[in-house]
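Peer 1: sequence and predicted structure below; questions after.
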Amino acid sequence: MTSTYRLHYTQKGSPSLPPIVFLHGFTGCGHDWRGVVDGLSDSFHCLLPDLPGHGQTIVDGSDEEFHMDRVACGLVRWLDELSIEKCHLVAYSMGGRLGLYLAINYSDRFDRIVLESSSPGLKTEEERAVRRAHDALITKKLQTMPVEEFMREWYDQPLFDSLRQYPDKLEGLLKDRSRADMAGWAKSLAMMGTGQQASLWPRLNEVKASLRLIVGEKDAKFQEIAKEMAEEILGTTVAVVAGAGHNVHLEQPVAFVEQVRQYLT
């Protein structure tokens, strides 16, 4: 990676196996995928990076390094350092937006891509302006609230209604984030949030990789987004997982692993 990043990642599975890179969502880290890679590492070399602003990855440069184009470039350089010419990609939510950007701008580096609860961003500048104002309020909370209070408020959003049906998993998730760098989250949100990202809707016809979109049956918003994306990207398939909402891989890990394994093999 470039000298401005000190990328932290973990891995599981033999390097001789086909590689998969997993990209986590906002406030997450590579460790979030542990329940998934346990079911895949017998067949794949699973690589779990912490995205800038998250986990143990350190950004030495300016806040500009948190922009999606810089992060994407950094990830590709990291693959170069690992001598990985081509790999599969599994990406969730914020990581899914980044994964779609990679699929468009670095199409020769990825074979099959699984996007979970992801979107190409917002279609209009008006929508993005509203979202930036909303994200500015969240950034202020990140700068002033204790992490536990912020996280409980974050997961109280309607988007995560189904996750609250799994209190043990939710409490485990909150515990994982109890020592997080909220300043890093704030930079990531300000530079790579949905309101900041240029819409990828007009560029969906540039996706060359094979694509599967995974959504939860209780996540109506992202089901509609996935359906519309599939109409724009030739050969894309949509898998709706029963009993899950936005965070499919946490709520229904067995079904999620089955979908990924089936698609990649």
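Peer 2: Perfect, I can see it now. Residues are numbered from 1 along each chain as shown.
Peer 1: what sits closest to residue 179 if chain neighbours are left out?
Peer 2: Distances taken as C-beta to C-beta, 6 or more residues apart in numbering place residue 147 nearest to residue 179, at 7.7 Å, with adjacent residues excluded. Just so you know, the C-beta spots here come from the backbone N, C-alpha and C atoms, and that holds for glycine as well.
Peer 1: quick one: contacts of stretch 121-131?
Peer 2: Defining contact as C-beta atoms under 8 Å, 6 or more residues apart in numbering, one finds that stretch 121-131 is touched by 97, 193-201.
Peer 1: quick one: which of the residues you listed is most hemmed in?
Peer 2: Neighbour tally across these (other C-beta atoms under 10 Å): the maximum, 25 neighbours, falls on residue 97.
Peer 1: if I look at that one, how far off is residue 115?
Peer 2: 9 Å (C-beta to C-beta, to the nearest Å).
Peer 1: swap in residue 144?
Peer 2: Between residue 144 and residue 115 the computed distance is 33 Å (C-beta to C-beta).
Peer 1: check residue 79 too.
Peer 2: From residue 79 to residue 115 the distance is 18 Å (C-beta to C-beta).
Peer 1: just want to know which of residue 144 and residue 115 has more residues nearby.
Peer 2: Legend: neighbour count by other C-beta under 10 Å for residue 144 and residue 115, higher for residue 115 (28 against 10).
Peer 1: how close does the closest residue to residue 88 other than its chain neighbours sit to residue 44?
Peer 2: Spatial nearest neighbour of residue 88, chain neighbours left out: residue 20 (4.4 Å); criterion: C-beta to C-beta, 6+ apart. Distance of residue 20 to residue 44, given as C-beta to C-beta: 5 Å.
Peer 1: swap in residue 85?
Peer 2: Taking C-beta to C-beta, one finds residue 85 at 16 Å from residue 44.
Peer 1: check residue 15 too.
Peer 2: 11 Å.
Peer 1: the residue nearest to residue 179 reaches residue 183, doesn't it?
Peer 2: No - applying C-beta atoms under 8 Å, one finds residue 147 not in contact with residue 183, separated by 10.9 Å.
Peer 1: compare these two (neighbour count), which wins?
Peer 2: Neighbours of residue 147 and residue 183, each counted by other C-beta under 10 Å, are more numerous for residue 147; the result is 17 against 12.
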